[in-house]
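**Q** just a sequence and a predicted model for now, questions to come.
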Amino acid sequence: MPKIATWNVNSIKARLPNVLDWLKEAEPDVVLLQEIKCQDEAFPRLEIESLGYRCAVHGQKSYNGVAILSKQPLEEVSARLPGDEADEHARYLEATTFGIRVGCLYLPNGNPAPGAKYDYKLAWMERLAARAEALLAEERPVVLAGDYNVIPEPEDCHDPKAWAADALFLPQTRRAFRRLLWLGYTDAFRALHGEPHRYSFWDYQGGAWQADEGIRIDHLLLSPQAADRLLESGIDREVRGREKASDHVPVWCRLA
DNA sequence: ATGACTCGCAACGCGAGA
């Protein structure tokens, strides 16, 4: 019954004590990390391996960077999202573990919109949809999880009007996210939790955490073969209140 | 309200994040 989590840590170096504490408490079997913000050789492999995890790392200096941790071997490890050979951002990493194909993704923010950054976001989402569709054809359990930088619905934020013109909430962004759902993927958190205003990110600024003014932008999307096995899901909200917290918290699911 | 974030980098402020 593997527990699979995703967490944008906003620098693995700055977050290492928090990450190690949470790994010990939450005991996830598979962890997808985003924004590690370091090159492969700087990843704190030894500290994480000492807790029983294997690591696959696709790093980049200063920005982006993704990694997959697993208590079982990581096979068929593959970095980069197909569809644009010129894209140098380290935002995508896939591996097979626990018999599940997992994709760890850090979807571009896209602000300001409109503009080149928003165009990049939408193009990236097109590439992700193509990859997601190709994975469905394999008819095996797939978990595509990470920081999607998409607020799927108005109830996934505190004040929809404040987000109306933002790249995370524009109609085109939400349409591109819904396309993944229409392909046949299931939002693991939303499938089991109907309640509004459950967030995975709170800005560092303006007392957003204290006021609970957050957004839900970190998601685990499950292929039908994975969704059939969905037992529980959750958001480890309390992690946000800790010393030197990331602005994102872990989101997780457990599969039978 | 003389306030109001946190990273990495190589600054000795800036860009990026969301």
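**A** Cool, the structure landed.

**Q** next, count neighbours for residue A:39.
**A** By other CB atoms under 10 Å, the residues close to residue A:39 number 14. (Glycine included, C-beta is placed from N, CA and C.)

**Q** show the contacting residues for it.
**A** A:59-61, A:65 (CB atoms under 8 Å, 6 or more residues apart in numbering).

**Q** same deal with residue A:209?
**A** Going by CB under 8 Å, 6+ apart, residue A:209 touches A:202, A:240-241.

**Q** re earlier: need the contacts of residue A:39 in CSV (columns: secondary structure and distance to DNA strand B).
**A** What follows is the contacts of residue A:39, written out as CSV (DSSP: H, G, I helix; E, B strand; the rest coil; distance: CB to the nearest atom of the strand, whole Å):
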residue, secondary structure, distance to DNA strand B
A:59, coil, 10
A:60, coil, 9
A:61, coil, 5
A:65, coil, 10
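
**Q** where neighbours are concerned, which of these has the most?
**A** residue A:65 leads the contacts of residue A:39 on contacts (other CB under 10 Å) with 28 neighbours.

**Q** got a pLDDT number for the nearest residue to it once chain neighbours are set aside?
**A** In space, and not counting its chain neighbours, residue A:65 is closest to residue A:36: 3.8 Å by CB to CB, 6 or more residues apart in numbering. Looking at residue A:36, its pLDDT is 97.

**Q** over to residue A:117?
**A** At residue A:117, the predicted lDDT confidence score is 95.

**Q** how about the residues of the stretch 151-256 of chain A that lie near DNA strand B?
**A** Selection of the stretch 151-256 of chain A residues close to DNA strand B by CB under 7 Å from any atom of the strand yields A:168, A:201, A:203-207, A:215, A:217, A:244, A:247-248.

**Q** which of those residues are buried, as a ChimeraX select command?
**A** Buried residues among these (16 or more other CB atoms under 10 Å), as a ChimeraX selection:
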select /A:168,201,215,217,247,248
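
**Q** what's the most distant pair in the residues of the stretch 151-256 of chain A next to DNA strand B?
**A** Greatest spacing in those, by CB to CB: A:168 and A:244 (24.5 Å).

**Q** three-state assignment of residue A:31?
**A** Assigned state for residue A:31: strand (three-state reduction, DSSP: H, G, I helix; E, B strand; the rest coil).

**Q** next one: the one 10 residues further on
**A** For residue A:41, the assignment made with three-state DSSP gives helix.

**Q** how many residues are close by it?
**A** Count around residue A:41 with other CB under 10 Å applied: 8.

**Q** and it, how far from DNA strand B?
**A** 12 Å (CB to the nearest atom of the strand, to the nearest Å).

**Q** please enumerate the strands of the stretch 51-200 of chain A.
**A** Shown for the stretch 51-200 of chain A, the strands assigned by DSSP state E, counting those that start in this stretch span residues A:54-58, A:66-70, A:75-79, A:92-97, A:100-106, A:142-147, A:186-187.

**Q** thinking again about what came up before, dump the residues of the stretch 151-256 of chain A next to DNA strand B into a markdown table; add pLDDT and secondary structure as well.
**A** Converted to a markdown table, these look like this (pLDDT from 0 to 100; DSSP: H, G, I helix; E, B strand; the rest coil):
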| residue | pLDDT | secondary structure |
| --- | --- | --- |
| A:168 | 98 | coil |
| A:201 | 98 | strand |
| A:203 | 96 | coil |
| A:204 | 96 | coil |
| A:205 | 93 | coil |
| A:206 | 92 | coil |
| A:207 | 94 | coil |
| A:215 | 97 | strand |
| A:217 | 98 | coil |
| A:244 | 95 | coil |
| A:247 | 97 | coil |
| A:248 | 98 | strand |
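
**Q** in CSV: the residues of the stretch 151-256 of chain A next to DNA strand B, plus distance to residue A:43.
**A** Compiled in CSV, those are given as follows (distance: CB to CB, whole Å):
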residue, distance to residue A:43
A:168, 28
A:201, 23
A:203, 26
A:204, 24
A:205, 28
A:206, 32
A:207, 33
A:215, 28
A:217, 24
A:244, 19
A:247, 21
A:248, 18
